[in-house]
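Asks: Using only what follows, build the 3D model:
(chains A and B)
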Amino acid sequence: MSSVHDWAAPNPVTTNRSGLIGKGVDRYEGPLKVTGTAPYAYEVRPPSPPAYGVMVGSAIATGRIAAVDTAEAQAAPGVLAVWTHLNVPPQPPRGTKAHPRSTAGSRPALESDRVTHWGQPVALVVADTWENAIAASALVRLSYEAGTPDVDFSARLPDAGQPPGEQDVEIGDFDAGFATSPVTLDETWSTPIQNHCQMEPCASLAWWEGDKCIAHTSVQMVKPAQHGLAETLGIDRDAVHLLTRYIGGGFGGKGQTYDDLTLAALAARALGRPVKVAFSRQQMMHGTIHRPATVQRVRLGAEKDGRLNAFSIMTWTHCHQDGTFTEHASNFARALYAAPNRLTGHRLVKLDLPGAGPMRAPGEASGTLSLECAMDELAEQLGLDPVELRIRNEPAVDPENGRPFSQRQLVRCLREGAQMFGWDRRLPTPGQVRDGRWLVGLGMAAAIRGNFLLPAKCSFSVDAEGVITVRQGMTDIGTGTYTVLAQIAAETLGVPLGVVKVEIGDSELPPAPGSGGQFGAASAGSAALAAGMNLRRAIAELATGDPNSPLYGGDPERVTFQDGVVAIENRSETLAALVRRAAPDGLTAEGDSRPPPDMREWSTQTYGSHFCEVGVDPVTGEVRVRRMLGVFAAGRILNEKTARSQLTGGMIWGVGSALTEGNAVDPRHGSLIGQDLAQYLVPVQADIGDLEAIMLDEVDDKANPMGIKGVGELGNSGAGAAVANAIYNACGVRVRDYPITPDKLLAGLIAKGM
Amino acid sequence: MLTTITVNGEARSLDLDPRTTLLDALREHLLLTGTKKGCDHGQCGACTVLVNGVRINACLSLAVAHDGDEVTTIEGLGTPEHLHPMQQAFLTHDAYQCGYCTPGQICSAVGMLREVEAGLPSHATRDVRADAVLDGEEIRERMSGNICRCSAYPQIVAAIAAVAEAES
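Replies: Okay, the predicted model is just below:
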């Protein structure tokens, strides 16, 4: 494809003749998941019994390992190996890319005596059983020269600088616009460190077949995992076969691999037997990435009619000493509201904490928690309805770059959401509605999340039974990839869903970008459509060129595909019969997809609105989410059922962000205080009331050939702000320091004399 | 330590390290990996199995303490070809995404319905002397020991409610 305009031509997905596209079919891999027979990485059966590796985390945040005593651990029952930086097999220096096109460099494990964060893996114990390994791991004696951890984010705010290669973005003259605005708001919000808490802790299983490493792991992107492991092991990229068939949650935290993979592969090579290594739940908190804390200053200057004249969101955030990751909490706002004078930017400070990194809706998830509450506060100042304030600031084109929107139904999401939710029942003055002991309030927020298309490849095969097999180095982290690929294949080839097989999560399959940034379905699906079209062409040519086919001599362009039958008008045969006779070894076609250059001429986003009703107990400060509605516009929906689940899941993440989730740093040790699921509180069943997600009809023909967009992160954007705004409407207390826990709310309630 | 546990109707004799949890005995010794390890501390519910019909966290229990017990795991409820009604309901209602908490959710739901049937109240039960009415609030309260980070909570409630209604 050389232009987005080529996407206007009909294709089997957009024509959707059988109606399978969009249909809420059950998950392809569902029967395996509900019976516990889908093997996740740690559960794959290796060719011989595995040994068990257990990692030991550092007990300091910064400094060096001064002395190592592994004698007792070595002598413990069943122990096969004890490694520290002193005796780990040599690995190429960090970042080495022996192959120039590797998508990741070497990431040596147990790299040196240097400790850069608390809980950093500093030793590995391998034993014949998990019980022996974990017991011996407690016998590894390490002493440290500990430095003073530099982990106090708020104290270091004045030192924060521009993230590398970034500049503030100013349009117009923000200061002048803000100074001359009749109504202004200048408030600061803070959001805490958040942990992904995927239900499956990161885990890897590796063994070697000669010089080839077979590695099963839990990762969202296949190629960087394969390349990174090969570079770390110092072997050719093709000598690593990396598989990740089932992934117990990712949310950005498994966008990269960790030392479990490296150590399993190294130990399997050293011991000559399969080795598996898993993070414990506690190790996940420090050993993997987290969403960093932010401080966000929002300034809004408005005319008395609500039109924004000046708008700014500035974000301070942190990353680890060796990193550059920035939680871009200001970026999303650049496309959201019109205002002639605009200033957005970020400041970054490096701390002795574990790695900061992407977590579901990076940027939007944090940023909407400030801006969408600021809009609520501004609406109150103006005496305007919060929905109406947003509609009055709806831009005609992207307010930062002037590009037309490919599709933008934000106003429709706001209006229809308000109507469906019963928003007109909201009383603008807080604290007016009681239900027994509860103060009840309503709140809303807008949602926005960018849309992306990344290069991908895919292959389609048909065999002599008429079975279509989709093969792609893609992943399914619970998003529905298996299912939507099967739907695209069935619709494209005109076959029943039951004859489609999907093979993904394998480095030896055609590469795809993996799952993240809600780009998965669009990127992988576009390549699948291309492969399907190429297989259609190959089948049509086979039929029309085969003297034994009833289609012989016909125009390949006129061959139709429906119900497993290929036809030209009334001449037809089954796909299986054709392939069995004319190509008994089957047919395979490849397809690839990449974004055309002119895609950048449009501003392409996904949009939504959230409406929430909460109850606040004025005596205890307890907040209950009573009901919640999200209305979303995200292009064509491939599967109504799985897309809805993604959206409601994201909304519940918003509830967690608003009410319970957050980790704190222990300044003495530089560790995170919440180290498990009893301390870091993700939402549970009882936290969630009635919750619904509605998807508006939409086709975005500038997004990709299918007109689809992503939904995995959109639901999380703005959801927490809707909860916070409902809390204010219920009780009149604004808490700008997330999460809004009872202690903070009680302080506000007491201050108000309630 | 020799231990005999009846797992999914079959007596299994195991010579176990006494430190082995029921969860690791199932996963690493009997290769029944449907029961998941999410936290190993009884906080997430992914390891929920039925012991003598009652739901427990298999990670908090030593295997040798279950000599003579009957354990039902997710594999014992149904197979991909013959799904248990609760498994079918989770499939139909999309009551899962990544699937890792799912076996624990399903075993927990099956055990929970038995508790309701036996008249056991919960924190959400308004009148503990009367039979519990299995509304959404009751289901949510009784299923709060099973975390789903993908947050399929509304779909899980719908799946369980559908099974409960079909059974009643």
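
Asks: Report the contact partners of the residue in chain A positioned nearest to chain B.
Replies: Nearest residue of chain A to chain B, counting by Cβ to the nearest Cβ: A:Gly36, 1.8 Å away. For the C-beta atoms, the positions are set from N, CA and C on the backbone; glycine is no exception. Contacts for A:Gly36 (Cβ atoms under 8 Å, 6 or more residues apart in numbering or on different chains) come out as B:Leu32, B:Thr33, B:Gly34, B:Thr35, B:Lys36, B:Thr73, B:Ile74, B:Glu75, B:Thr102, B:Pro103.

Asks: pLDDT score assigned to it?
Replies: A:Gly36 is assigned 98 on the pLDDT scale.

Asks: do the same with B:Arg129
Replies: The model reports B:Arg129 with a pLDDT of 88.

Asks: A:Met1 too?
Replies: Per-residue confidence (pLDDT) for A:Met1: 51.

Asks: just to revisit the earlier point, just the element for the residue of chain A closest to chain B, please.
Replies: For A:Gly36, there is no helix or strand it lies in under DSSP states H and E.

Asks: quick one: low-confidence ranges for chain B?
Replies: Within chain B, the set of residues satisfying pLDDT under 70 is empty.

Asks: residues near the residue in it that chain A sits nearest to, how many?
Replies: Proximity to chain A, evaluated over chain B using Cβ to the nearest Cβ, is greatest for B:Gly34 at 1.8 Å. B:Gly34 is flanked by 26 other residues according to other Cβ atoms under 10 Å in any protein chain shown.

Asks: my guess is it contacts B:Thr102, does it?
Replies: No. B:Gly34 lies out of contact with B:Thr102 (Cβ atoms under 8 Å); the separation is 9.1 Å.

Asks: hmm, the longest helix seen in chain A touching chain B?
Replies: Counting by DSSP state H, the longest helix found in chain A is helix A:520-544. No. For helix A:520-544, no contact with chain B is found by Cβ under 8 Å from any Cβ of the partner chain; the gap never falls below 13.1 Å.

Asks: Stretch A:650-665 now?
Replies: Yes. Applying Cβ under 8 Å from any Cβ, one finds stretch A:650-665 touching chain B at A:Gly650, A:Met651, A:Ile652, A:Trp653.

Asks: Report the buried residues of that stretch.
Replies: Going by neighbour count (16 or more other Cβ atoms under 10 Å in any protein chain shown), the buried part of stretch A:650-665 is A:650-663, A:665.

Asks: domain assignment for the chain?
Replies: Using chain A here. Domains of chain A are assigned by automatic domain parsing as A:4-13+A:454-594, A:360-452+A:600-751.

Asks: Sorry, I should have been clearer: chain B.
Replies: B:2-75, B:85-167.

Asks: what about residue 104, how many residues close to it?
Replies: Defaulting to chain A. By other Cβ under 10 Å, 20 other residues sit near A:Ala104.

Asks: my question was about chain B
Replies: The number of residues packed near B:Gly104 is 29, by other Cβ under 10 Å.

Asks: Just to confirm, what's the three-state secondary structure of it?
Replies: When classified by DSSP: H, G, I helix; E, B strand; the rest coil, B:Gly104 comes out as helix.

Asks: quick one: it from B:Ala46, how far?
Replies: Using Cβ to Cβ, to the nearest Å, B:Gly104 is found at 4 Å from B:Ala46.

Asks: so what sits against both of these two?
Replies: Counting by Cβ under 8 Å, 6+ apart, the residues touching both B:Gly104 and B:Ala46 are B:Thr35, B:Lys36, B:Gly38, B:Asn146.

Asks: what pLDDT does the residue lying closest to A:Met221 once chain neighbours are set aside get?
Replies: Once flanking residues are discounted, A:Met221 sits nearest to A:Gly514: 3.4 Å by Cβ to Cβ, 6 or more residues apart in numbering or on different chains. pLDDT recorded at A:Gly514 is 96.

Asks: CA atoms only for stretch A:361-368 - export them in CSV, please.
Replies: Coordinates of each C-alpha in stretch A:361-368 appear next as CSV, following Å, rounded to 0.1, in the frame of the first residue of the first chain:
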residue,chain,number,x,y,z
ALA,A,361,-2.4,3.6,28.3
PRO,A,362,1.0,5.1,29.2
GLY,A,363,0.6,8.9,29.3
GLU,A,364,-3.2,9.0,29.0
ALA,A,365,-3.8,6.9,32.1
SER,A,366,-1.9,9.4,34.3
GLY,A,367,-2.7,12.6,32.4
THR,A,368,-6.4,12.2,32.2
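
Asks: quick one, what contacts the most centrally placed residue in chain B?
Replies: When Cα atoms, centre = their mean is applied to chain B, the residue found nearest the centroid is B:Cys107 (2.3 Å). B:Cys107 is in contact with B:Thr35, B:Thr48, B:Val49, B:Leu50, B:Arg55, B:Thr72, B:Thr73, B:Ile74, B:Leu77, counting by Cβ under 8 Å, 6+ apart.

Asks: Let's verify it: helix, strand, or coil?
Replies: Strictly by three-state DSSP, B:Cys107 counts as helix.

Asks: thinking again about what came up before, need the buried ones from the shared contacts of B:Gly104 and B:Ala46 selected in PyMOL.
Replies: In PyMOL syntax, the buried subset of these is picked out as below (16+ other Cβ under 10 Å):
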select buried, chain B and resi 35+36+38+146
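
Asks: any chance of the shared contacts of B:Gly104 and B:Ala46 in CSV, with secondary structure too?
Replies: Formatted as CSV, the shared contacts of B:Gly104 and B:Ala46 follow (three-state DSSP):
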residue, secondary structure
B:Thr35, coil
B:Lys36, coil
B:Gly38, coil
B:Asn146, coil
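
Asks: and A:Glu692, what element?
Replies: Per DSSP H and E, A:Glu692 falls inside strand A:690-695.

Asks: tilt between the helix or strand following that strand and strand A:690-695?
Replies: Next helix or strand after strand A:690-695 toward the C-terminus (DSSP H and E): helix A:719-731. For helix A:719-731 against strand A:690-695, the angle by axes from the mean of the first three to the mean of the last three Cα atoms, to 10 degrees is 130 degrees.

Asks: Is helix A:719-731 in proximity to chain B?
Replies: No. Using Cβ under 8 Å from any Cβ, we find that helix A:719-731 stays clear of chain B, coming within 10.8 Å at best.

Asks: on contacts alone, who are the packing partners of that helix?
Replies: Helices and strands touching helix A:719-731, as assessed by 3 or more Cβ pairs under 8 Å, 6 or more residues apart in numbering or on different chains; DSSP states H and E, comprise helix A:364-382, strand A:438-450, strand A:605-616, strand A:623-633, helix A:640-659, helix A:742-751.

Asks: related to what we said a few turns ago, of the domains of chain A, which is nearest A:Cys197?
Replies: Among the domains of chain A, the nearest to A:Cys197 by Cβ to Cβ is domain A:360-452+A:600-751 (5.3 Å).

Asks: number of nearby residues for A:Phe251?
Replies: When counting by other Cβ under 10 Å, one arrives at 30 neighbours for A:Phe251.

Asks: before we move on, back to that, give me the element the residue nearest to A:Met221 is part of.
Replies: Using DSSP H and E, A:Gly514 falls outside every helix and strand.
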